[in-house]
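Chemist: model the following, please.
(chains A, B, C and D)
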2 protein chains.
Amino acid sequence: MPVAISPERMPAYKRIQETILKRIETGQLRPGEPVCSERELARIHGVSLMTARHALAGLEREGRVERRRGAGTFVAMPKVHFNKLMSYTEQMAGRNLAISSKVLSLKIVQDEPEVALRLSLPATARLLKLERIREAGNEPFALETCYLSAAEFAGLHRDSVKRGSLFSLLERDFGLEIAHADEEIDATQPDPAMVRLLAIPRDVPLLRIRQVIYSKQGKPSIYVLGLYRADRHIVHIRRFR
Amino acid sequence: MPVAISPERMPAYKRIQETILKRIETGQLRPGEPVCSERELARIHGVSLMTARHALAGLEREGRVERRRGAGTFVAMPKVHFNKLMSYTEQMAGRNLAISSKVLSLKIVQDEPEVALRLSLPATARLLKLERIREAGNEPFALETCYLSAAEFAGLHRDSVKRGSLFSLLERDFGLEIAHADEEIDATQPDPAMVRLLAIPRDVPLLRIRQVIYSKQGKPSIYVLGLYRADRHIVHIRRFR
DNA sequence: AAGTGGTCTAGACCACGGC
DNA sequence: CCGTGGTCTAGACCACTTC
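Modeler: Numbering: from 1, shown residues only, chains lettered A, B, ... in the order given. Down below sits the predicted model:
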């Protein structure tokens, strides 16, 4: 969670946003209920109308609030998070499946130049390669292979990876700020090694998802190759016209 | 394309946006080049600074323009359209493949209640069902089955469907305004009928994409079940943290 | 130093919605 | 009718970038 900056040097419009967000998050303000009007906010916070407007307009852009001319401003209905980048751990948290993962290997490789290129690194760069089996209820569901710059993420050890989510580890220990990921999805027939690893019949196709995960600075930081048994996984996305 | 409202009753900030957009689209203003500053715009259009600001802020939200404090406002780099909803025809337009489609059948069905439910129609509603083979270079690539409310889209005939994109047909002849689509992606083994229809080997998996396409009014209007040979299709999406 | 965008004021009129 | 959000003015100071 981002630490709140001292409210001293925070712009007025942002202060107003935070007080409203706090009231939404604590449940004092429920979805559909009216938020203070622009004029009320201006009076309460001792700012001009334009500033109060700016605050509400920002919240509307973020989808937290809905504005209806002539009627007022209302807390938006709870967000459905579309196209949200989540780790396997996070995705499974919503279900009541006992999810675990098994580290197959964590090593440094230098012979996968095509991956290095995806990460905008020189073809000869040293890469951390992490292979994991994802399981739910002790049944293997997927194989995920992550690649990271060995130079940038030096000090990543098998022990730290074994417990908990890689995302939160990288965010906490390496200050990585994840912004977005570009994904390519197709499907393949499992090869014999995959059939054995995932303990699946030969005729279950695998969803293959290649992710390049970018930091807020726009740097490609992680490359993930995931193979998911297609009879147990569905990808949900929303597209816009 | 939305018809331009008479500029008489158009807000000043919107007029300013349009003049800038026109200069971008005609190539007078190229990506990376500076747009007039707030102060210039205010002077040129005879409006206050806040109004000029409002115009630029809107363009920035839409990703048309990039603002850098202390430096200026610049035309944004050409948009990469992520998570953009496009018909098969539109997707293929970018490639230099001769794409065509063959209508297998267009009929009215009443025995697929699960589809009716996806369209928020009563289970017994009559549905238009359109089955098409998509081909590129005379090679079959995909099977797409579209469902629409027979009541709402009465008058859709085989002849009109045979030429051109279904999307543009519905947008033009039925005033359908498409807003977004929710997709589910997984993969399956082709059954014998699919092997024959697509003329593929048995071991090529199929990407299965189920789309519910919504109108701007929020009504689910089209349901599409697509089966794409996975060795010839990749789905691209962007996810956000 | 000059110019830019970011924040802000203290007002104004309009169009729209609900009562 | 009154209150709401939507647009707009004519200024102001600040932080920042570029030169």
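Chemist: okay, helices next: where are they in chain A?
Modeler: A:12-25, A:38-45, A:49-61, A:88-93, A:113-118, A:158-162, A:166-173, A:192-198 (DSSP state H).
Chemist: next, the buried residues of the last one.
Modeler: By 16 or more other C-beta atoms under 10 Å in any protein chain shown, the buried positions in helix A:192-198 come out as A:M194, A:V195, A:L197, A:L198. (Each C-beta comes from the backbone N, C-alpha and C, glycine too.)
Chemist: tell me which parts of chain A are close to DNA strand C?
Modeler: A:11-14, A:46-51, A:54, A:68-71 (C-beta under 7 Å from any atom of the strand).
Chemist: just to revisit the earlier point, can you redo the helices of chain A as a markdown table with mean pLDDT and distance to A:L104?
Modeler: As requested, the helices of chain A are exported to a markdown table (pLDDT from 0 to 100; distance: least, C-beta to C-beta, whole Å):
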| stretch | mean pLDDT | distance to A:L104 |
| --- | --- | --- |
| helix A:12-25 | 96 | 40 |
| helix A:38-45 | 96 | 55 |
| helix A:49-61 | 97 | 43 |
| helix A:88-93 | 84 | 15 |
| helix A:113-118 | 97 | 17 |
| helix A:158-162 | 87 | 11 |
| helix A:166-173 | 92 | 14 |
| helix A:192-198 | 96 | 8 |
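Chemist: with distance to DNA strand D added, can I get these in TSV?
Modeler: As requested, those are exported to TSV (distance: least, C-beta to the nearest atom of the strand, whole Å):
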stretch	distance to DNA strand D
helix A:12-25	11
helix A:38-45	4
helix A:49-61	5
helix A:88-93	34
helix A:113-118	29
helix A:158-162	35
helix A:166-173	25
helix A:192-198	49
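Chemist: distance to B:H236 for those - can I get that in JSON lines?
Modeler: Formatted as JSON lines, the helices of chain A follow (distance: least, C-beta to C-beta, whole Å):
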{"stretch": "helix A:12-25", "distance to B:H236": "33"}
{"stretch": "helix A:38-45", "distance to B:H236": "41"}
{"stretch": "helix A:49-61", "distance to B:H236": "26"}
{"stretch": "helix A:88-93", "distance to B:H236": "20"}
{"stretch": "helix A:113-118", "distance to B:H236": "14"}
{"stretch": "helix A:158-162", "distance to B:H236": "29"}
{"stretch": "helix A:166-173", "distance to B:H236": "22"}
{"stretch": "helix A:192-198", "distance to B:H236": "24"}
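Chemist: which of those helices sits closest to B:E114?
Modeler: With C-beta to C-beta, the closest approach to B:E114 among the helices of chain A belongs to helix A:88-93: 25.1 Å.
Chemist: need the CA coordinates for the closest one. CSV is fine.
Modeler: The C-alpha trace of helix A:88-93 is given here as CSV (Å, rounded to 0.1, in the frame of the first residue of the first chain):
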residue,chain,number,x,y,z
TYR,A,88,-1.5,-17.0,-10.0
THR,A,89,-1.6,-16.8,-6.2
GLU,A,90,-3.8,-13.7,-6.3
GLN,A,91,-6.1,-15.1,-9.0
MET,A,92,-6.7,-18.2,-7.0
ALA,A,93,-7.2,-16.3,-3.8
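Chemist: what packs against it?
Modeler: With contacts taken as 3 or more C-beta pairs under 8 Å, 6 or more residues apart in numbering or on different chains; DSSP states H and E, helix A:88-93 sits against strand A:99-109.
Chemist: how far does the helix or strand of chain A with the lowest mean pLDDT sit from the chain's center?
Modeler: None of the helices or strands of chain A scores lower by mean pLDDT, DSSP states H and E than helix A:88-93, at a mean of 84. Chain-centre distance of helix A:88-93: 10 Å, with C-alpha atoms, centre = their mean, to the nearest Å.
Chemist: name the residues that touch that helix?
Modeler: With contact meaning C-beta atoms under 8 Å, 6 or more residues apart in numbering or on different chains, helix A:88-93 is reached by A:I99, A:S101, A:R134, A:A136, A:A142, A:E144, A:G164, A:S165, A:F167, A:G226.
Chemist: out of those, list just those in strands.
Modeler: A:I99, A:S101, A:R134, A:A136, A:A142, A:E144, A:G226 (DSSP state E).
Chemist: would CSV of those with distance to chain B, pLDDT and neighbour count be doable?
Modeler: Shown next, in CSV, are the ones in strands among the contacts of helix A:88-93 (distance: C-beta to the nearest C-beta, whole Å; pLDDT from 0 to 100; neighbours: other C-beta atoms under 10 Å in any protein chain shown):
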residue, distance to chain B, pLDDT, neighbour count
A:I99, 19, 84, 16
A:S101, 20, 90, 22
A:R134, 17, 94, 21
A:A136, 16, 85, 17
A:A142, 13, 96, 22
A:E144, 15, 97, 21
A:G226, 13, 97, 21
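Chemist: ok, those vs DNA strand C, which is closest?
Modeler: A:G226 (37.6 Å; C-beta to the nearest atom of the strand).
Chemist: and of the contacts of helix A:88-93, the nearest to DNA strand D?
Modeler: When the contacts of helix A:88-93 are compared against DNA strand D (criterion: C-beta to the nearest atom of the strand), the nearest one is A:F167, at 29.3 Å.
Chemist: report how many residues lie close to that closest one.
Modeler: Using other C-beta atoms under 10 Å in any protein chain shown, A:F167 is surrounded by 19 other residues.
Chemist: so what's it up against?
Modeler: A:S87, A:T89, A:E90, A:I178.
Chemist: next one: the residue located most distally from the centre of chain A from chain B, what distance?
Modeler: The centre of chain A is farthest from one residue, A:R43, which by C-alpha atoms, centre = their mean lies 38.3 Å away. As judged by C-beta to the nearest C-beta, to the nearest Å, A:R43 and chain B stand 21 Å apart.
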